[in-house]
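# Any chance you could fold what I've pasted below:
(chains A and B)
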There are 2 protein chains.
Amino acid sequence: MTSTGLLPEGLRDRLPPQAEAASRLLHRVIVAIGRNGYARVAPPIAEYEDELVGRLKRTRARDLFRLIDPVSQRTLAFRPDITAQLGRIAATRMAHRPRPLRLGYGGPVLKLRASQLRPQRELIQAGAELIGSDSVAAASEVLGVAIEALEVAGVTGLTIDLTLPDLVEALAAGPLPLPPGRIEAVQAALDAKDAGGLGPLGAEAYLPLIEAAGPLEAALARLRALPFADVLASRLDGVEAIGRAFAGRAALTLDPTERHGFEYQSWLGFSLFAEGLAGEVGRGGTYAIHRADGQEEPAVGFSLYLDPLVDAGLGQEARRHVFVPHGSDPVAAAALRTAGWTTLAALSPDDAAPKGCTHILRDGAPFPIEG
Amino acid sequence: MTSTGLLPEGLRDRLPPQAEAASRLLHRVIVAIGRNGYARVAPPIAEYEDELVGRLKRTRARDLFRLIDPVSQRTLAFRPDITAQLGRIAATRMAHRPRPLRLGYGGPVLKLRASQLRPQRELIQAGAELIGSDSVAAASEVLGVAIEALEVAGVTGLTIDLTLPDLVEALAAGPLPLPPGRIEAVQAALDAKDAGGLGPLGAEAYLPLIEAAGPLEAALARLRALPFADVLASRLDGVEAIGRAFAGRAALTLDPTERHGFEYQSWLGFSLFAEGLAGEVGRGGTYAIHRADGQEEPAVGFSLYLDPLVDAGLGQEARRHVFVPHGSDPVAAAALRTAGWTTLAALSPDDAAPKGCTHILRDGAPFPIEG
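All right, here's what the predicted structure looks like:
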């Protein structure tokens, strides 16, 4: 067969040095998550479509890679997201474990279609979920783990965009009543910053929420000055506490009505951005897990996408390459590897040191190659 | 939705501590491979079926997870093996790189159907390919990297079963002629150790090859005593050199006519087994890569399967867990993580140390918890 070597759109080979960087970054991130007490779980790449779709927050079956499994005669789907699988594990196999249950994960996910923002269909996702609480302390912890993991991966210049996903529902049930059928339209108008759209919905009172968006401190001041601020007090106090916790490590903004992608979050959502990295590098928030007994359980978590880090050149490390001439003592070469050297062995007495080798193994030790 | 949490046959969740062990073992193995000069590449999980099947040694299209890609309107297949993808990369995108080209890889692969020996359909595969040579030196290097990677992963009691996959072809073309149409039947009879099947094929002269199988030294002695040994000399010398190189690190056997799974290997094939691990933990050998210009290029490589190691409990490490009371200095907790501790933070002033914490953070340092 003569191969053209072409790959489908949105699927790619990672070559050196990016492939190694991707592997190194994933390892660093999952180790950082693990050291915060989040025990690693590794769900399969594919599972029954109905189980997966039932727990996916924003994905419909037609957005998934799907196929009929000849073994079970049922439809399998490839995961577009690992969070939903962690929800399944927490709700079923680990339902009896004490709470808070802290779980971490990392691995490939697949999107059937790429987006303009993310042209790749196979992505590396890593993250953590804290199950059993959605308190300010729990959210702060989770956000702190996300930041630490990104910092360990070499990310700098972080911005955290906070949002209050269930804000409109809370206000509609209280001081700014809306007919239930209109809540979604108001949320959509606010999300689109469509001030003019609020009037026809009878929702002019919501306009100050659009105008409040901005750097966290200023946004909080504007929201606290609103006539219905007392209804928002617990949310604003929570967001303010998060702001205090991370003020030195990231720029913080608050857009109280940003909803896109946070439709299923409860009181808090966040997006993470970083200088020099394309698009969002992470997101998360508080939510509820559906347990097998029909109860809901509060939770908070985050997902990081590592491909923007790899694409920006993070995770690459200079290696020291030493040439091992033919007939060298293999034990000496192994000792150099243990000490962190990369060895490149000759396959015949005539082989010269390949390009990139700065040293040669001689008398059991690496000597600089002249030239 | 109420989830049952059931997974399809052959797909599983890895839970703590196995999930972390799997991740740690993969990391150790790919680092060990990398330090031997094998540069990491990371092909996608899925690609065009025809590209993949054209390069797969032993897999047919019906053995793959396949689906129609709505973007390209072509059939995609999920890789059952990463070796074939490395062949594609070496033959196309890295065709211009100097030889020997050393490439390493590690990641998930998917089999449409499980086997009795391997009941899982998602497996972790890692390995290395040396492209540009299939010499004894190249094969020895590759086998040495495989052994080092397994040793780094904690595997002990290794056995290397060597085989000579193209032996019958070589003999049939020389001292023990066979009609071309009968070579395959003779190979099958030898592979099945079916001595009685050789007579009807007019291949009694091949019988001593079955009887030669056994521990390497004895097998070599028996083969060297055969009347047609001179035709085999280069193969036997090669296998003997490999035996010398690894005598201290593994038990070696030679079954010259073992063919199953080595149908596309050239002069050398090997399987790796280890005490306490179910089934084969690795395999490899010499082969040819089909380049885009129609030429063939010699190569040698190995694949390791890490799931048997995880299942046997390898890769698990005791972690030191320290409880971080509410209100502790986050910088002190971060310093403990940097020092290798796993921290578990209280979410409220009332939280007690979770089970498993042996220490508590107090005055910036970990103190043993009494109890």
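
# For B:Val281, see how far away A:Leu254 is.
The gap separating A:Leu254 from B:Val281 is 53 Å, by CB to CB, to the nearest Å. Using the backbone N, CA and C atoms, a C-beta is placed for each residue, glycine as well.

# The two: who's more crowded?
The residue with more neighbours, out of A:Leu254 and B:Val281, is A:Leu254; 27 against 24, by other CB atoms under 10 Å in any protein chain shown.

# and the more buried one, how far is that from A:Gly238?
11 Å.

# again, but for A:Pro98
Counting by CB to CB, the gap from A:Pro98 to A:Gly238 is 25 Å.

# Among the two, which residue is more densely surrounded?
A:Gly238 (21 against 9).

# Residues contacting the strand or helix carrying the more buried one, please?
Taking DSSP states H and E as the criterion, A:Gly238 maps to helix A:229-246. Contact with helix A:229-246 is made by A:136, A:139-140, A:143-144, A:147, A:160, A:162, A:164, A:167, A:170-171, A:174-175, A:216-217, A:220, A:223-224, A:226, A:252, A:254, A:267-268, B:330, as judged by CB atoms under 8 Å, 6 or more residues apart in numbering or on different chains.

# can you check stretch A:269-279 too?
A:117-118, A:143, A:146-147, A:150, A:155-165, A:258, A:261-262, A:280-286, A:302, A:304-305, A:308-309, A:311-312.

# got the CA positions of it in PDB?
Provided in PDB are the C-alpha atoms of stretch A:269-279 (Å, rounded to 0.1, in the frame of the first residue of the first chain):
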ATOM      1  CA  GLY A 269     -19.000  29.300  37.300                       C
ATOM      2  CA  PHE A 270     -15.500  30.300  36.200                       C
ATOM      3  CA  SER A 271     -13.400  30.400  33.100                       C
ATOM      4  CA  LEU A 272      -9.600  30.400  33.100                       C
ATOM      5  CA  PHE A 273      -7.500  32.300  30.600                       C
ATOM      6  CA  ALA A 274      -3.700  32.900  30.400                       C
ATOM      7  CA  GLU A 275      -1.400  35.300  28.600                       C
ATOM      8  CA  GLY A 276      -0.100  33.900  25.300                       C
ATOM      9  CA  LEU A 277      -2.500  30.900  25.300                       C
ATOM     10  CA  ALA A 278      -5.300  30.700  22.700                       C
ATOM     11  CA  GLY A 279      -8.800  30.500  24.100                       C
END
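
# Which positions in that stretch come out as buried?
A:269-274, A:277 (16 or more other CB atoms under 10 Å in any protein chain shown).

# and what of stretch A:182-202?
Of the residues in stretch A:182-202, those buried (16+ other CB under 10 Å) are A:183, A:186-187, A:189-191, A:198, A:201.

# Now intersect these with the helices, please.
Judged by DSSP state H, the buried residues of stretch A:182-202 include A:183, A:186-187, A:189-191, A:198 as members of helices.

# Any regions of chain A where pLDDT drops low?
Under the criterion pLDDT under 70, the flagged ranges of chain A are A:1-3, A:57-59, A:371.

# Let me know the helix or strand that the residue positioned nearest the centre of chain A is in.
In chain A, the residue lying closest to the centroid (CA atoms, centre = their mean) is A:Leu304, at 1.7 Å. In the assignment (DSSP H and E), A:Leu304 maps to strand A:296-305.

# Please see if the helix or strand that that strand is followed by touches chain B.
For strand A:296-305, the following helix or strand on the C-terminal side (DSSP H and E) is helix A:307-311. No. For a cut-off given as CB under 8 Å from any CB of the partner chain, helix A:307-311 has no contacts with chain B; the smallest distance is 9.6 Å.
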